[in-house]
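Engineer: One predicted model, sequence on top.
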Amino acid sequence: MAPGAREAKPLPTSGALTFLFTDIEGSTRKAHELGDHWFEVLQAHHDVLRPVFAAYGGAEVSTAGDSFFLVFEDAAQAVEASVAMQRAIAAHDWSPSPPVKVRMGMHTGIARFRDDDYAGLTVHAASRVESAAAGAQVLITQATLDAAEATLGDDIGVVDLGFHRLKDLPSELQIYQVTAAGLEREFPVVRGIDVVRNNVPVPPSSFVGRTTILTRLHQMLEDDRLVTIVGPGGTGKTRVSLRLATERLHRHSDGVWFVELDPAQDEIGVVTAIANVLGVREERDRPLLDSVIEYVRDTNVLFVIDNCEHVIDHVARVVEQILRSGTGVRVLATSREPIEIAGERTWPLAPLAVDDDDPASSEAVQLLVERVTRVQPDFALTAELVPAAATIARRLDGLPLALELAAASASMLPLDDIARQLDDRFDLLTRGSRTALDRQKTLWGAIDWSYGLLDTEARAVFRRVGVFPAEFDFGVADSVCADPTRTVAESLHDLMRKSLVTEGASTRLRLLESIRAYARERLAEEGELEKYAERHARHFVDSVVEAELQDAEWFDTIHEDFVAALRWGAEHDQDVQLRALVELQEFWIRRGRWTEGREISREALDATHDVQTKARWRALGKAGELASNQGDIASARAYFEQAAEVASIVGGPAAAQLVLGDLGDIAAREGDFETAEAMYRRSLDAARVLDKKPAIALCFAHLAQIASLQGDLDRAWNDGLDALAAARELEWVDLELSMTSVVGGIARQRGDLDEARRIYTDAMSMARKYDNRQSLLYALFGLAEVELDAGAPTTAAPLLRDALLLGQELGAEEDLREALGAAARLAVLVGQPDAANAWRNDAPGSAAAAAAVVFLEGATSGE
């Protein structure tokens, strides 16, 4: 036996066996090009594959040059071995030679065993299946699939490539391609004797992603005879249809025909395009459509009709008649809107996804990287480049056309620069293929094609909804974009049918960022951008009622709208600016974005220092609350005092007294409980005079806290329950959350640890439900202190750790001080009082909190 050959392993001699053949694609050419180095490549090939197939129970029957002949008793192990071998080949570093690609094929059945070898039709068929494969492709037969399917791993799938008559075999074999993560998917048509007639073009670049979608579309075409892929321009409808057509070539014995409708302008043009691909000629005194119908009658044929939107009504009439010609006729259409005839099933093709947690593995980023390597062969996506690639993919909405255009720009610009210049995307993304249609050469052209197909009213509404920075609903769109000649809803439904407006969360609507940018540019060209930006800004600041009582989901929904209103107001109307600021401040308070909120509040309030309005009064109060949350008492007091001055001017003495509740918080933090209580009561009196029910509830909350600090626990408990009841009556979630923690603290002070634990646990769950990070911080810390009181330091440790991490993130210095103190108390309870020295004397910053977190993690793990 030659050096490097297999160690002898007994070969199975009976029963159904699976025979697997492999060889290196283009081995003769490689041997000629590589010379003596070819033998090193060949040895590496053997060394890579032998341990893999042996691990799956494969026995080596023979080796000839670059090929293996293997046998498996278990068909599933044979398939799994092929996947493992392909992965091993792909992972191996073949440099300095080019990468090696190995084709593999297998068949299952009975064979004769004689003289340490196998013979018979089963072996011959397995060899022919392997010969039909391409490099890196694994092909199996129906017999192998039947034998393997029951025990095959869930991570391995197959694509049905249809029936093929292979050389020297008496009958057709049904062939499947094995698919799995890490294996290539796109290959030429299986090389058999017979080739289904078709004109399906082969794209010059690889196909990325969409595996699940292709599987679903295959099933839809099995179940229904008209499937339409719909979506906005640039989503890859044509590319998906071509890939699907290639995979279905051997399911349609009478042909797969790609019909390009770009030149068509009417029904005659549609019929002519279909007739031309079939080779059907016009006859005297007979409509061409009748000749087409007669030609395809009772055949098994698939038409792929591309770009239907500009002749959609004509396509509907023609396709409807063609489908009547026989049950074997199927149509796969691509369009920016459905054909809308009986029997149609539509597949809305979404852009490629971008995974926030792992952007590098996202299909959108993978496509971008693959296309960049075509213009920069040495390009590699390093960790430093992932953020830029993810930004490009996300801001371009995962649109394949936009990503390909961005990749083309990478020949001149680094990814970081492309990401920074996306605000000018229509000037940047203009380097499409020279041979592409005009609408596919630029991002502007792709969207402009759809815009040109709209009627006048729909164009107007499309331009106007460009002022919405995020999702919107029908009612808001009607208020902002009202058109006296046609209802906005009617135009929006038309835009949805044409894929320019898509469905967002719940019943809301959205525009892809690139489509929104196009709409805004068109609106500016019409001289209407300022008009509708103003209508948008005023609608949102005019429609808010008691923002404090709104739930967190409402704030998330309209956050971007108020940011847009704030920006518009900063340039045009300071009152709008301040009113938008107040709503954003409430959002920042709830979401724990205190630093961001303080910076923007400072800028806006400095710019409006001469304004004396209710909006400024409220904005000053919210700015004080943000400062107070971060423990900046001096700034908080200054804001509250300014708020009282403005309130006195615009609302009189009673309004000014309302602000005293905020100043009472400052007094309480400084330990002056008597002054704090007096201020709270004056604020309560003012709230009653003004009939401000939320302010009344808030005053009871403050009074409960003061009573608790003064040691009057019965009064604190009663005031706390009153405040909690008032918050629930008002459906004021944030106050309910805050008061739940306050009442939990009072229960703890009263010594009722079980009740305190129950209350804090409820508060923690509720805070997570509404994503209120400030309330979550209070609940975590409160529950940790309950567990410390109960003598359960190991239970308290993870709660304190999470509270410290969240407090750092929020910049809540005062809360961090208290949490660090509790961590020191825990250190004493676990017999490590000296451990707290690492943070006891430090300011509550990152170093002190980090030291405490490390200690608490050790306490959690029992170290």
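Structural biologist: Cool, the structure landed. None of these values were measured; they are calculated from a predicted model.
Engineer: Quick one: find the helix or strand in the protein with the lowest mean pLDDT.
Structural biologist: None of the helices or strands of the chain scores lower by mean pLDDT, DSSP states H and E than helix 438-441, at a mean of 61.
Engineer: tell me the domain ranges of the protein?
Structural biologist: Following automatic domain parsing, one finds the domains of the chain at 17-180, 211-348, 359-446, 791-863.
Engineer: Could you dump those domains into JSON lines with mean neighbour count and distance to Ser601 added?
Structural biologist: Using the backbone N, CA and C atoms, a C-beta is placed for each residue, glycine as well. Converted to JSON lines, these look like this (neighbours: other CB atoms under 10 Å; distance: least, CB to CB, whole Å):
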{"stretch": "domain 17-180", "mean neighbour count": "18", "distance to Ser601": "52"}
{"stretch": "domain 211-348", "mean neighbour count": "18", "distance to Ser601": "38"}
{"stretch": "domain 359-446", "mean neighbour count": "19", "distance to Ser601": "26"}
{"stretch": "domain 791-863", "mean neighbour count": "19", "distance to Ser601": "14"}
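Engineer: Could you dump those domains into CSV and include distance to His493?
Structural biologist: Listed next are these as CSV, based on distance: least, CB to CB, whole Å:
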stretch, distance to His493
domain 17-180, 37
domain 211-348, 11
domain 359-446, 22
domain 791-863, 43
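Engineer: Figure out which of the ones you listed is closest to Val465.
Structural biologist: Val465 sits nearest to domain 211-348 of all those, at 14.3 Å, using CB to CB.
Engineer: Leu152 and Glu80 touch, don't they?
Structural biologist: Yes. If you go by CB atoms under 8 Å, Leu152 and Glu80 touch, sitting 7.2 Å apart.
Engineer: any residues touching stretch 292-303, and which ones?
Structural biologist: For stretch 292-303, contacts defined as CB atoms under 8 Å, 6 or more residues apart in numbering pick out 221, 245, 248, 251-257, 259, 271, 274-275, 278, 280, 321-322, 324-326, 328-332.
Engineer: re the thing from before, pull the CA atoms of the next helix or strand after the least confident helix or strand of the chain into PDB?
Structural biologist: Going down the chain from helix 438-441, the next helix or strand is helix 443-452, by DSSP states H and E. C-alpha atoms of helix 443-452 as PDB (Å, rounded to 0.1, in the frame of the first residue of the first chain):
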ATOM      1  CA  LEU A 443     -30.400  54.400  -5.700                       C
ATOM      2  CA  TRP A 444     -32.300  57.500  -6.800                       C
ATOM      3  CA  GLY A 445     -33.200  55.800 -10.100                       C
ATOM      4  CA  ALA A 446     -34.600  52.700  -8.300                       C
ATOM      5  CA  ILE A 447     -37.000  54.800  -6.200                       C
ATOM      6  CA  ASP A 448     -37.700  57.300  -9.000                       C
ATOM      7  CA  TRP A 449     -39.000  54.500 -11.200                       C
ATOM      8  CA  SER A 450     -41.700  53.700  -8.600                       C
ATOM      9  CA  TYR A 451     -42.500  57.400  -8.000                       C
ATOM     10  CA  GLY A 452     -43.100  57.800 -11.700                       C
END
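Engineer: name the helices or strands packed onto helix 443-452?
Structural biologist: Judged by 3 or more CB pairs under 8 Å, 6 or more residues apart in numbering; DSSP states H and E, the packing partners of helix 443-452 are helix 400-409, helix 425-428, helix 438-441, helix 513-525.
Engineer: Give me the neighbour count for Thr740.
Structural biologist: When counting by other CB atoms under 10 Å, one arrives at 24 neighbours for Thr740.
Engineer: And for it, nearest residue in space, chain neighbours not counted?
Structural biologist: Distance criterion CB to CB, 6 or more residues apart in numbering; nearest residue to Thr740, sequence neighbours excluded, is Ala763 at 4.1 Å.
Engineer: Now the one helix or strand that neighbour maps to: buried residues?
Structural biologist: If you go by DSSP H and E, Ala763 is part of helix 753-769. Burial within helix 753-769, assessed by neighbour count using 16 or more other CB atoms under 10 Å, is assigned to Glu755, Ala756, Arg757, Ile759, Tyr760, Ala763, Met764, Met766, Ala767.
Engineer: Correct me if wrong: the first one contacts Gly745.
Structural biologist: Looking back up the chat, that one is Glu755. No. Counting by CB under 8 Å, Glu755 stays clear of Gly745, with 11.3 Å between them.
Engineer: re earlier: of the helices and strands packed on helix 443-452, which shows the lowest average pLDDT?
Structural biologist: Mean pLDDT values for those show the minimum at helix 438-441, a mean of 61.
Engineer: Determine the set of other helices and strands touching the helix or strand containing Ala723.
Structural biologist: Assigned by DSSP H and E, Ala723 belongs to helix 713-730. Helices and strands touching helix 713-730, as assessed by 3+ CB pairs under 8 Å, 6+ apart, comprise helix 693-709, helix 733-749.
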